[in-house]
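Visitor: Okay, here's the prediction I keep looking at, along with the sequence it came from:
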Amino acid sequence: MTPMLELRNVTKRFADHRLRSNITAVDNVSIEIPAGTRMGLVGESGSGKTTLARCALRLSNADAGEITFDGTRLDHISGNELRRIRTQFQYVFQNPYLAFNPRTTIRQSIAEPMLVHGICNRGNAEKRVTKLLERVELSADLGGRYPHELSGGELQRASIARALSVKPRLLVLDEPLSALDVSLRSQMLTLFDRLRQELSLTYLLISHDLGVVAHHTDTVAVMHSARIVEFGQTELVLSKPAHPYTRDLLLSVPSVDPKHHKTLTSTGQITGHSENTEGCRYFARCGHSMKDEQCERKQPQLKGTAMASVACHHVVPDRESKG
Amino acid sequence: MIKILQPLGAIALTTTFAACGSGSDCTGDYCGTIIIAQGADAESLFPPTMQAVSSTAIGDMIYLRLADLSDDLNTVGDGGLVPQLASSWTRLDESHLRFTLDNRAIWQDGQPVTAADVAFTYSVYTDTIVAAPLAANLDKISNVVAIDERTVEFEFTTVYPEQLFDAAYHMRILPAHLMDSIETTELLGHELTRNPVGTGPYRLHQWLPGQFIELHADTSFFLGRPGLRRIIWQVTPDYESALALVVSEQADLIDNMRTPRHIEQANSAAQLRAVEFASGGYAYLQFGLRDAEDPSRPHALFQDRTLRRALSMAVDRETTMRAVYGDFSTIAVAPVSPLLSIWGPDLPRIDYNRDRAVELLEGLGWRDSDGDGVRDRNGMPLSFQLAYPASDPNRTSAAVIIQDQLRQVGVDAQLAGLELNSLLATIPTGKFDVYFGFYGQDPTPSSIRGNWGTVGIGGGNFGSYSNPRVDDLMDRAIATFDPEESRSLWYQALEEMVADAPAIFLYSPKSVLAVHRRFENVTVRPDQWAATMWTWQVPETRMIDRDKAGS
Amino acid sequence: MRSFRWVPVTLFVLFVVVRAGRIGDLLSTGTFVEQTLVALTFTLLAAIIWLTITPWPEVLSKFFKPFDVRIASLVLGAIMILAVFAPIASGHHPNTQLDLVNGQLLPPSLAHPFGTDFVSRDLWSRVLFGARVSLMIGVLAVTMAITIGTMVGMAAGYFGGWVELVLMRLVDAGLSIPRVFWLLVIVSLWGTTDIYVLILIIGLTGWFSTSRLVRAEVLRIREEDFVVAARGLGISEAGIVIRQILPNVVPPIIVNATLGIGQVILVEAGLSFLGFGVQPPWPSWGTIIQDGSARIIAAPWIVTVPGVAIALTVVSLAILGDRLQTTLNPRDSAQF
Amino acid sequence: MGRLIGRKLFQALVVMLLVTTSTFFLIHIAPGDPFMPDLSVSGVSAERTDQIRRNFGLDRPIYVQYGAYLKNVASGNLGLSFRSYRPVSEIIIERLPNTIVLTSLALIMDFAIGILIGTWQAWKRGSAGDRFLTVATLTLHSTPVFWFGFMLILAFSVSLRILPGSGVVTIGIYDSLTPLGQLWDRIKHLILPVSTLALIGAGSTARFQRAAMLDTLSQDFIKSARARGLSECTVIFRHALRNSLLPTITLLGLSLPVLLSGSVLVETVFSWPGIGALTVDSVQSRDYMVVTAIGLVSAVMVLAGNLVADILYSVADPRARRKP
């Protein structure tokens, strides 16, 4: 399978004006998404998932690394060339209220990219928008409203309709359910699956809900502190987590027994480190029995097979043998 | 609210006085301090370029002339003046006068006053770089020679009755020993123009620009000990504040009170009394006959004599004057104030006649063709700027009234209220359309020549009006010794001049000053009210805080 | 939403009435240009408010809910109506010298509600016509300042780099000199007495803070998700500026403008007071105060009345501006 | 901190250069050669005109004049006044202390009153007192400063006669007062002009402070302080006030130009012989050497004020200090 999207050694830093230093949000990440597959990207808030996805789609510019979409180096192009290729991949934002211009109606927001790319003209725009809205199970009369007049679920669907308007092949879904009522989540997931089949889309699903990831992705990447710490087939990774962080993540899932619920730090901010990048970044919180000096001084690299790889000095032996 | 606050005010005042009980009090009859409230600062204390009444009053306290006018204001002949720096003078022949300087007269730095000072003064006043406004009055003096230390001789080009007056009155004698080493161009901005060294009864103690000018008496002044210890001119932002200061007893004198309202306000204060005196001045609207941008070209509008006459007819002086001054003024139909000997009811005039004005304007082709209410001709509107001193509420009122009267005949006068010093800086350059001026006239008709004769261009004749026949008539009038013939020649000159309408002559207001009642011996000379102020006094029994305050 | 279509219709009618007034002697003063500008002023003022509120009609009713906002609108409305209909409401021409000999400095009475001034002009008429002059200067100068400020701020915020550096240092320089200083220098240099030049100058010196505000807003908005989304959808940079960023900087600009009108009225009053503003005989609130300041003891009411008028207008504008600020953010308005 | 100040100083220098340049050229491009009040009337005193032109170096090309001007300014030489022929720096130094006293006292009073009122309002938000003060501060903020000055003069100088309405000292008796008496005399003269400026300014400061305080009070650390059972007073003055002062300090830098603008008017109303009144005087008499110098001086004052505000800010805000 040829990768639809391929990232090589992507790094992204942010300048912190107040601290007058840089924060590395994505650190030397390599990843690839084969066409037609669904990849999950998990990790706690602030681990760099969103930044990684946005860099991947050139919504923000990476500081280093190569990004290849379907054979085209995204990091080499700009201007009209980039604008044209953007129709191939789309991004669905976490909070749909922030993702729509508050001063234009839903219909205008959906029609604009189609008009820009010549997908429709002023004459048939209305019809096309209606069709798109129907596709995401929204009634056409919602089109005349302003974003704040819609409910979260409705707006998220509109957001998907807008993404689909340019006929993309790859869809990045950035925590598409987090803004929604729990009751709406399964409907939305069903919609995703249906759309994927109808339009043969490739998905990158960002989520911290491991349950969703378990059922709706083929592969999964676990991100911690700007790096991918574990990657592999979803089933394998979630059933036999190799990295202590992945295990902690699985433990924190609000499962049947709330007593086991362990909260991971969630500051809502990028917690990437500006210094002290020498050792394993999970060192401080790692509960691994074999934690040692090597962990403190040397950063582990992602190692393993296409089925599963992990960045830990003390990989659980039986997983490795299975791979 | 006010009632509650009054006791508070009293407390505040008591604390004030308690806090300022001071040490050395002045005692005696020579302690008097007078504070004169005034709406503008002095521009410079360099006599040749002093113009504003405010500056000249201060200048006259510091600098002396050779001789001064007496109270009868006679300017003719050799007997009318009273000695100042010159103790006596003798006539050598019809074109030579010799002055003997008072040997008691010394400069405030201790140097004696010499004939060289007089000769130097003449050279400064007539220097074109200095461009003294009064220079025109000196043009019939051909030479000033120092004969010895204390004797100086004036030579005249023509024979005329006012030789003594011209020689002795216009110039305030300058200290040659301090000034003659200074380049003339430097002189105008020299330290000495701010820290003058004079010969007068007072010397400058302190001048804080924008705040006050304080003079202290020279107790050994050779003409007698000055009656007031200190004279302070306090600068206020406008006339109203000046009046407020005097009414509230924070200042002692305000001059230039011309409107019934001002006088009413002054009278409402028990400590004040109003002193009324004839005015030696007249107000006028002067046409700039040269282009405001390029003085080498004639003015596009006002080169037209008929237009000037039409505008003169359009102004209702009577109403304007009544509105602004009530009963406190008389119409001035020509550049003649009531102080002049030639003043009379039969002076030549252009009467107010609105219909005739409109007729003349129509005849000149000025019509309102675009319906905006302003006449125009060949696309050019009949519009000009009228500059006036914004600090003078009377001229401001009159300007607004006249603007409205002109509007009624389709003439657009745009008002430009300027600060006094700014006016003094721009008007003498001739860069104006119409200037609302006020001349404080010397009490002789000869002064007309400096302001309206060709000789005054570049000096006191701001509008550059020039008519050779008027010049000739004036020269002859000045030269003749026969009063009747002189008067008749003046009337001929004025007839011609008024018909040319170089200005719209408006009115001559009476002057009233309000002064604190504690001052004694208050006499006022109409040509310069402050001329005799140095003889005023405050008797010890009537002294108030500021008289007693030691310095 | 449709129910608010009456606003432009009313404005149009108002405009026609005001224009027609020339024939009907409704507006007996001023040239054609002046009258048009007066009319334009009020059209603009109302149109701006209408334009901002249109997308959120439900906001309108909520907008007027607080008591102070209602009072402020009432006061401002009254002043505007009186200003528009000044020729009818005044009873006298503002420049007519009614009785030069006996009618000067009359205290307030039935015949002259605010008294008369030093050349016997009716102060009530002058204050009403002064409202026109002051409001006209306020609105037009602010319109100009806002236009320039928005363009500069957008350019700086969007292009960044040296464009931003140069423009913002220029703004710093502009802001580091007191505005009155700039105004005094320019007015005196050009020795102007013309009201339009005055508007031009006030406008030209008033855009610095607007451009700073707009730049900050642009910097903030261009990082918002919906702009990122638009970029991701392949919309051109120009399209983003015009359709995504510009509409969203409008609300803070409107607030800025509303407050700015008040500030300009204050600035104009100050300039006129110093003798550099509107020249006689035309009344603006500032020139009336200046006239009165020379007779403050004899006729204190001359100074008092226009001062109160200025304060009332500026307070009302400030209250409306504050209210707009809380109302115009559509996301907030969804909640309140 | 040193680097911060260094950078700010550099920025200030750039701004100063811009200010100097723009005023210089602004005045030079104006119609009618404003640097040269043409004294020639029909050629009568052309010598004097030429002489003065040479004295002021006005016969040289504009770029040479500009260069010379910059050089002079950099060396502290601000030229000669056209009106009085005195060195401009002398004129300005004579006036500067008056303006500095007036504006700095006004600034202190402005912020003292403004912060006090704003804090109290935020504390008692929604109360009748808060509502009243909101209207009152807004009204002050909207009042023309010179008009307010007139009203104070009318009330305290004309009607009650308890405070002088013009000048710096009581002329005529000041010199003979005891030092204490002189101080009191000066204070008396300062009360009205300072109050005028300060009260108008306090109107906006209070509004700003109220908003900042409300913002602070809604933050989590205040909630937790309240939850810990601290008294309202402690919460307001120990915890909230310090934090709410941060934005108000930034206002300090911004309010200087406004204050200087106000002082132009207030000095005129109260005939206070400072830079503001000098501005009006010089502009009226077209003394542009003085005018350009005033532009420069006020820019320096404003920039210095901004620098002080920046430093205060970094002192007050621990976050801004954390990293060099």
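Guide: Right, received. Where do you want to start? Numbering: from 1, shown residues only, chains lettered A, B, ... in the order given.

Visitor: right, and A:Leu150 touches A:Ile106 too?
Guide: Yes. Counting by CB atoms under 8 Å, A:Ile106 is a contact partner of A:Leu150 at 7.0 Å. Every residue, glycine included, has its C-beta placed from N, CA and C.

Visitor: Now the common contact residues for the two.
Guide: A:Leu142, A:Ala158 (CB atoms under 8 Å, 6 or more residues apart in numbering or on different chains).

Visitor: Show me which of these two is the more surrounded one.
Guide: A:Ile106 (25 against 19; other CB atoms under 10 Å in any protein chain shown).

Visitor: isn't the more buried one right up against A:Arg145?
Guide: Yes. In terms of CB under 8 Å, A:Ile106 counts as a neighbour of A:Arg145; the distance is 5.9 Å.

Visitor: Spatially nearest residue to B:Lys510 (excluding sequence neighbours)?
Guide: Leaving aside its sequence neighbours, B:Lys510 sits nearest to B:Phe328 (CB to CB, 6 or more residues apart in numbering or on different chains; 4.8 Å).

Visitor: Tell me which helix or strand A:Glu154 sits in.
Guide: helix A:152-164 (DSSP states H and E).

Visitor: Name every strand pairing with the helix or strand just after that helix and say which way it goes.
Guide: Using DSSP H and E, the next helix or strand after helix A:152-164 towards the C-terminus is strand A:170-174. Strand A:170-174 has its sheet partners listed here by DSSP bridges as strand A:89-92 (parallel), strand A:202-206 (parallel).

Visitor: Adding mean neighbour count and mean pLDDT, write those strands out as a markdown table.
Guide: Formatted as a markdown table, the strands paired with strand A:170-174 follow (neighbours: other CB atoms under 10 Å in any protein chain shown; pLDDT from 0 to 100):
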| stretch | mean neighbour count | mean pLDDT |
| --- | --- | --- |
| strand A:89-92 | 26 | 92 |
| strand A:202-206 | 24 | 92 |
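
Visitor: And those: which comes nearest D:Thr292?
Guide: D:Thr292 lies closest, by CB to CB, to one member of the strands paired with strand A:170-174: strand A:89-92, at 55.5 Å.

Visitor: which residue ranges form the helices in chain A?
Guide: Applying DSSP state H to chain A gives helices spanning A:49-56, A:79-85, A:96-99, A:106-116, A:125-135, A:152-164, A:182-199, A:210-216, A:234-239, A:244-252, A:293-297, A:317-322.

Visitor: and stretch B:275-286, C-alpha only, in PDB?
Guide: The C-alpha trace of stretch B:275-286 is given here as PDB (Å, rounded to 0.1, in the frame of the first residue of the first chain):
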ATOM      1  CA  VAL B 275     -11.000 106.900  36.000                       C
ATOM      2  CA  GLU B 276     -12.300 108.100  32.700                       C
ATOM      3  CA  PHE B 277     -10.100 109.900  30.200                       C
ATOM      4  CA  ALA B 278     -10.200 111.000  26.600                       C
ATOM      5  CA  SER B 279      -8.800 108.500  24.100                       C
ATOM      6  CA  GLY B 280      -6.000 109.200  21.900                       C
ATOM      7  CA  GLY B 281      -6.800 106.300  19.700                       C
ATOM      8  CA  TYR B 282      -9.100 105.100  17.000                       C
ATOM      9  CA  ALA B 283     -10.100 101.800  15.600                       C
ATOM     10  CA  TYR B 284     -10.200 101.000  11.900                       C
ATOM     11  CA  LEU B 285     -10.300  98.200   9.400                       C
ATOM     12  CA  GLN B 286      -7.300  98.600   7.300                       C
END
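
Visitor: now check that stretch, is it near chain D?
Guide: No. Judged by CB under 8 Å from any CB of the partner chain, stretch B:275-286 stays clear of chain D, getting no closer than 13.4 Å.

Visitor: just how off-centre is that stretch within its chain?
Guide: Centre-to-centre, stretch B:275-286 and its host chain are 10 Å apart (CA atoms, centre = their mean, to the nearest Å).

Visitor: Tell me which residue lies nearest the centroid of the chain.
Guide: I'll assume chain A. The centroid of chain A falls nearest to A:Ile206 when counting by CA atoms, centre = their mean (3.2 Å).

Visitor: hm, I was asking about chain D
Guide: Central residue of chain D (CA atoms, centre = their mean): D:Leu260, at 2.9 Å.
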